[in-house]
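A.B. asks: Sequence first, predicted coordinates after that:
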Amino acid sequence: MGCLAAVWGVTGCSSEENGYNPPGANARVGPVLIRYAHIAEPPNGPWETGDDAPFYVWLFNQGQSTGRLLGAETTVARSVDIVNADGAVRGPVALPSGKLVELEKGRAHLVLRDLRRQIRGGDYVWITLRFERVGEIALQVHSQIPTYVDDDATDAPGLTSPSPE
């Protein structure tokens, strides 16, 4: 129960006090909680047709036995691969009972290969995640809205809007 409380603590809703608004869709399929499902922030403009776009998600298995994320699919990309931190394609991801599995930058994660259309920050797309034994779930996920840091604009680093050059 303590692990579950820890997961809910880090995946809770935003509050006006701290102003934190985490990206992503949240859902549940069987005993698997899905949190922060989102396409990575596009660098230097939108993801373009033909690009590979990282897809990040946190998974928490509340079941009694280990589960597995088998893969994913979407109509906006030729395919979706599960990759290691170095980008090498790998097999399914184990979801141990009672453990948080963070599929994100610097770790194993998913990649939308060969995008079929442009995806801007803030756009929504449908992605279906497939799990062993518990089935699949279709999520409407967004491409994280870009943030721009302009350290020269103020004495302290902060977020600014992009300015035309």
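C.D. replies: In hand now; what should we look at?
A.B. asks: who does whatever helix or strand Phe60 lives in touch, helix- and strand-wise?
C.D. replies: In this structure, Phe60 sits in strand 53-61 according to DSSP states H and E. On a contact count with 3 or more Cβ pairs under 8 Å, 6 or more residues apart in numbering; DSSP states H and E, strand 53-61 meets strand 32-39, strand 67-73, strand 93-95, strand 100-103, strand 109-115. For glycine as for every other residue, the C-beta is placed from the backbone atoms N, C-alpha and C.
A.B. asks: Contact partners for the residue nearest to Ile39 when sequence neighbours are not counted?
C.D. replies: Leaving out its chain neighbours, the residue that sits closest to Ile39 by Cβ to Cβ, 6 or more residues apart in numbering is Ser143, at 4.1 Å. Going by Cβ atoms under 8 Å, 6 or more residues apart in numbering, Ser143 touches 38-42, 46-47, 53, 119-125.
A.B. asks: switch the cut-off to 10 Å
C.D. replies: 23, 38-42, 46-47, 53, 55, 76, 112, 119-125 (Cβ atoms under 10 Å, 6 or more residues apart in numbering).
A.B. asks: Write the PyMOL selection for whichever of these are buried.
C.D. replies: Remark: buried members of these, expressed as a PyMOL selection using 16 or more other Cβ atoms under 10 Å:
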select buried, resi 23+38+39+40+41+42+46+47+53+55+76+112+119+121+123+125
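A.B. asks: Which pLDDT value does the model give the residue nearest to Glu102 when sequence neighbours are not counted?
C.D. replies: Nearest residue to Glu102, sequence neighbours excluded (Cβ to Cβ, 6+ apart): Trp58, at 5.1 Å. On the pLDDT scale, Trp58 is placed at 97.
A.B. asks: you'd agree Trp58 is up against Ala27?
C.D. replies: No: using Cβ atoms under 10 Å, Trp58 is not in contact with Ala27, being 11.5 Å away.
A.B. asks: Could you report the separation of the residue nearest to Ile39 from Val32?
C.D. replies: Between Ser143 and Val32 the computed distance is 23 Å (Cβ to Cβ, to the nearest Å).
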